[in-house]
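In: what would the 3D arrangement of this be:
(chains A, B and C)
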Amino acid sequence: MDAATVPALHDAVLRWYDDHARELPWRGTAASPWSVMVSELMLQQTPVARVLPVHAAWLERWPTPAALAEESTGEAVRMWGRLGYPRRALRLHAAAVAIVARHDGEVPTSYDDLLALPGVGDYTASAIASFAFGQRHVVLDTNVRRVLARTVSGVEFPATAVTRAERDVATSVLPDDEATAATWAVATMELGALVCTARQPSCDACPVADLCAWRGAGFPAYDGPPRRGQAWAGTDRQCRGRIMALARETASSIGAAQVEAAWPQAEQRERCLAGLEADGLLTQVTPGRWALPG
DNA sequence: GACACGTGGGC
DNA sequence: TGCCCAAGTGT
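Out: Numbers count the residues shown, from 1 in each chain, chains lettered A, B, ... in the order given. Got it, this is the predicted structure:
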């Protein structure tokens, strides 16, 4: 995409966002930085629809980092419910503790300080700095990567991992103005989430269809390396999930017989129990009994 | 850089 | 009906 086209891309996407943005509780001027941060951790690899109720309950119970920091990690894991990847709940709790210890209880505003928090990587640090504090950052999530791959690079999907070239493209189309850049970040994400979707993009409803490189090239099929799915049946992940579901549903502690009923295969069951303990998701309260960490 | 890490909805 | 995918991070 030549540089002369970039302003048209900005105008079309920003105008579209102005008309089509979803009203989400972590968006808008009323949302606190903490609300934004909680949403970002929850949204990692997790659809918006499933995050909404948990985010609301979480903010009601722990409206500040300090409130969460005073709570046990086990309560955080229980509150996390069925969002998946429960280690994120531990990381969010640890981040709250760090925010109290290092930042006087306020979500830090700089990318570097955010990046230093548990559970916050490049994407999340950029997203919080951009969405909560209006800063200018390249925010490269799966939606933005797909939108840029198609509109600018002319391919259906981006590479497996973020490449230098890809980051250069994202930087080259980032608006210069700080506030505009922040809106651009959320707008391109929204476009990827609602229109330029992975499986069936709605090109008819796309504001940048007429300047999309992928469309202009006739929608060439993806020719990169196979994108392997995640194994599930019979894996440790499934076993861990079963055990954690049991622990969440049980007010006190779970016993060996319950765990065995949930996962009969002994060797794998023991390995997963040990792994969950090592991760801090479970503690052994007495021999043969486990509970969420108190 | 590859892999582990949960869960459930949509096509 | 399975397979693919969803605002990634840590090791």
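In: would you mind listing what in chain A touches DNA strand B?
Out: By the rule CB under 7 Å from any atom of the strand, the part of chain A lying against DNA strand B is A:45-47, A:49-50, A:82-87, A:160-161, A:199-200, A:230, A:232, A:235-238, A:240-242, A:244-245, A:275. (Each C-beta comes from the backbone N, C-alpha and C, glycine too.)
In: which PyMOL command selects the buried ones in these?
Out: For the buried members of those, the matching PyMOL selection, counting by 16 or more other CB atoms under 10 Å, is:
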select buried, chain A and resi 83+86+240+241+242+244
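In: for the residue of chain A found nearest DNA strand C, what are its contacts?
Out: The minimum distance from chain A to DNA strand C, using CB to the nearest atom of the strand, falls at residue A:121 (2.7 Å). Each residue near residue A:121 by CB atoms under 8 Å, 6 or more residues apart in numbering is listed here: residue A:115.
In: not counting sequence-adjacent ones, nearest residue to the residue nearest the centre of chain A?
Out: When CA atoms, centre = their mean is applied to chain A, the residue found nearest the centroid is residue A:44 (1.7 Å). Closest residue to residue A:44 apart from its sequence neighbours, by CB to CB, 6 or more residues apart in numbering: residue A:88 at 6.3 Å.
In: how about that neighbour, what does it touch?
Out: So residue A:88 contacts A:41, A:42, A:44, A:80, A:119 (CB under 8 Å, 6+ apart).
In: quick one: the residue nearest to the centre of chain A and residue A:294, what's the gap?
Out: Distance of residue A:44 to residue A:294, given as CB to CB, to the nearest Å: 26 Å.
In: what domains does the record give for chain A?
Out: Structural domains annotated on chain A: A:3-21+A:137-216, A:33-131, A:236-291, as defined by automatic domain parsing.
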